[in-house]
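Visitor: requesting a structural model of the entry that follows:
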Amino acid sequence: MATRLKIKTTEGDIIIRLYDETPKHRDNFLKLAKEGCFDGTLFHRVIKDFMIQGGDPDSKNAPKGKMLGTGGPDYTIPAEFVYPQYFHKRGALSAARTGDEVNPEKESSGSQFYIVWGKTFKPAELKQMEHQMTMQQEQQVFNQLTREHHEKIMNLRRNRDRVGLQELQDKLIEQTKITCKQQGKPSFTEEQIEVYTNVGGTPFLDNQYTVFGEVEEGLDIVERIQNCDTDRNDRPTEDVKIETVALL
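Guide: Predicted coordinates:
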């Protein structure tokens, strides 16, 4: 039985379906909706040809010009990547989060979410992205290995053991190559290429943020919102309010 909800906004209704394959995000979103946590909040961050973001409790009755985007409950949700089955196509419902430097596990915000609009891409652009994703994968694996060997690295530095440091670095680089080979080279599926070249989305967010649902009806409303005028902080100049979020 699909979990469907209606997001009633001042611009019109958006019907979303939550994925059962991301149960932590599904259950959390349902809980917040039932508690009325989204009611009266704003789509506080809107970027044309990219996405619309909401779910910040601090945005309720927020005066004009107030900086928004840091509010939420005092918990995060573990990442639930169901990739490449679910990806950042137009209409994808995804969880916002803080950046990798403070959040290497890519845990999701407790309440903030965004709906993808995006744009279409040429096949050559997607190929270039695959190359960037490969480099990103190598960097992430290497950083993780470095964290695991942190104490040993610090000891070698304290002892000014350059030879030891170089040997360890070579070992970690070799381990990175082996791990990346085991993980497989990042590449887009045929379905992703089809969608990203013909329908649109934000492929560069794939496998970085949890996609936990999608818009079933009301993409025209998402389009209208992402087209609205915004200030320099990407907040709509005229508030776009979420009136209610209710189970269908």
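
Visitor: which residue is nearest the centroid of this protein?
Guide: residue 209 (2.9 Å; CA atoms, centre = their mean).

Visitor: list the contacts of the closest residue to it other than its chain neighbours.
Guide: In space, and not counting its chain neighbours, residue 209 is closest to residue 94: 4.9 Å by CB to CB, 6 or more residues apart in numbering. To be clear about C-beta, it is placed using only N, CA and C from the backbone, and glycine gets the same treatment. Shown in contact with residue 94 (CB atoms under 8 Å, 6 or more residues apart in numbering): 88, 113, 114, 115, 116, 205, 209, 210, 211, 212.

Visitor: in its sheet, what does the helix or strand where the fourth one lies sit against?
Guide: When you say that, I think you mean residue 115. Assigned by DSSP states H and E, residue 115 belongs to strand 113-116. When pairing is defined by DSSP bridges, strand 113-116 lines up against strand 51-54 (antiparallel), strand 92-95 (antiparallel).

Visitor: adding distance to residue 106 and mean pLDDT, write those out as CSV.
Guide: As requested, the strands paired with strand 113-116 are exported to CSV (distance: least, CB to CB, whole Å; pLDDT from 0 to 100):
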stretch, distance to residue 106, mean pLDDT
strand 51-54, 17, 98
strand 92-95, 10, 98
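
Visitor: nearest to residue 167, out of those?
Guide: Proximity to residue 167 (CB to CB) singles out strand 92-95 among those, at 40.9 Å.

Visitor: distance check, the spatially closest residue to residue 60 that is not a sequence neighbour against residue 243.
Guide: Distance criterion CB to CB, 6+ apart; nearest residue to residue 60, sequence neighbours excluded, is residue 40 at 4.6 Å. Distance of residue 40 to residue 243, computed by CB to CB, to the nearest Å: 7 Å.

Visitor: and residue 102, by the same measure?
Guide: In terms of CB to CB, residue 102 sits 33 Å off from residue 243.

Visitor: higher neighbour count, these two?
Guide: More crowded of residue 102 and residue 243, by other CB atoms under 10 Å: residue 243, with 14 against 7.

Visitor: in what helix or strand does the nearest residue to that one once chain neighbours are set aside lie?
Guide: Nearest residue to residue 243, sequence neighbours excluded (CB to CB, 6+ apart): residue 8, at 4.5 Å. Using DSSP H and E, the element containing residue 8 is strand 3-9.

Visitor: after that strand, next one along is what?
Guide: strand 12-18.

Visitor: scan the protein for its longest helix.
Guide: Counting residues, the longest helix found in the chain (DSSP state H) is helix 123-148.

Visitor: could you name the helices and strands sitting against it?
Guide: If contacts are counted by 3 or more CB pairs under 8 Å, 6 or more residues apart in numbering; DSSP states H and E, helix 123-148 sits against helix 162-183, helix 190-198.
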